[in-house]
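Undergrad: fold the following and give me the result.
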Amino acid sequence: MNGYLVIDGYNILNCWPKLSEMMKESVEDARDRLIHILNNYAGFKKYQIILVFDGHKAKDNPGERRTHHNVEVIFSPEGITADHVIEKEVGKLLKTGQVFVATSDKLQQEIIWSKGAYRISARELVVEIENSQSEYRSLIDPKKTAKRNYLESNLDQEVLVALEKMRRKKD
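TA: Have a look, this model is predicted:
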């Protein structure tokens with residue numbers, strides 16, 4: 001594992017043009033899409049991801065914590081911001097390994113940095129994920145994997161001629 005990645009969910013959604021557009025139609029669909037993308041990213045990069053969404057303004061919200069394959073998703077409870085949850089999680093995680101935090105909130109970045117975690121902006125994370133998606137696609141490119149590996153492709157011309165002569169004598 002390459003460490004922990006704690007993400008401010010709405011920062012990423014608002015920063016990523018495709019997901020920001022999707023949020024106009026359905027916030028839930030945009031969140032689900034982000035979780036799907038992060039699952040793939042976590043598997044490829046070997047990060048343990050904790051995705052935190054703000055729920056502090058939702059009336060009677062008890063908060064929620066659930067796991068979707070490689071991503072742990074936290075919804076902060078009423079009255080508690082995602083930033084507060086992130087700070088608390090970082091404090092726990094730093095005892096067990098390297099921690100990266102993705103947020104565009106400048107104050108949050110400074111607090112995280114002062115605790116000893118690494119910070120990355122939401123935009124930088126989006127670019128990193130998109131680059132990883134391209135890298136992954138190139139690894140599984142069917143044009144590369146479908147290439148035939150014939151013996152004759154690996155032999156020099158003299159050997160091929162000698163083999164052909166031997167083959168014809170047996171006919």
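
Undergrad: hmm, which helix or strand of this structure has the shakiest average pLDDT?
TA: Lowest on mean pLDDT, DSSP states H and E among the helices and strands of the chain sits helix 142-145, with a mean of 57.

Undergrad: all helices of the chain, in order?
TA: Secondary structure of the chain, counting by DSSP state H: helices at 9-15, 17-25, 27-45, 82-93, 106-115, 122-139, 142-145, 157-170.

Undergrad: and the first one, what does it pack against?
TA: When contacts are defined as 3 or more C-beta pairs under 8 Å, 6 or more residues apart in numbering; DSSP states H and E, helix 9-15 sits against helix 17-25, helix 27-45, strand 48-53, helix 122-139. (Each C-beta comes from the backbone N, C-alpha and C, glycine too.)

Undergrad: try the longest one
TA: Using 3+ C-beta pairs under 8 Å, 6+ apart as the contact criterion, the secondary-structure elements in contact with helix 27-45 are helix 9-15, helix 17-25, strand 48-53, strand 71-75, helix 122-139.

Undergrad: now with 10 Å, please.
TA: Using 3 or more C-beta pairs under 10 Å, 6 or more residues apart in numbering; DSSP states H and E as the contact criterion, the neighbours of helix 27-45 among helices and strands are strand 4-8, helix 9-15, helix 17-25, strand 48-53, strand 64-68, strand 71-75, helix 122-139.

Undergrad: for the ones you listed, state which one has the densest average packing.
TA: Highest mean neighbour count of the helices and strands packed on helix 27-45: strand 4-8, a mean of 25 (counted as mean count of other C-beta atoms under 10 Å).

Undergrad: closest to the centroid, which residue in the chain?
TA: Tyr41 (2.4 Å; C-alpha atoms, centre = their mean).

Undergrad: list the contacts of the residue lying closest to it once chain neighbours are set aside.
TA: What sits nearest to Tyr41 in space, not counting adjacent residues and going by C-beta to C-beta, 6 or more residues apart in numbering, is Ile129, at 5.2 Å. For Ile129, the contacting residues are 12, 16, 34, 37-38, 40-41, 44-45, 102, by C-beta atoms under 10 Å, 6 or more residues apart in numbering.
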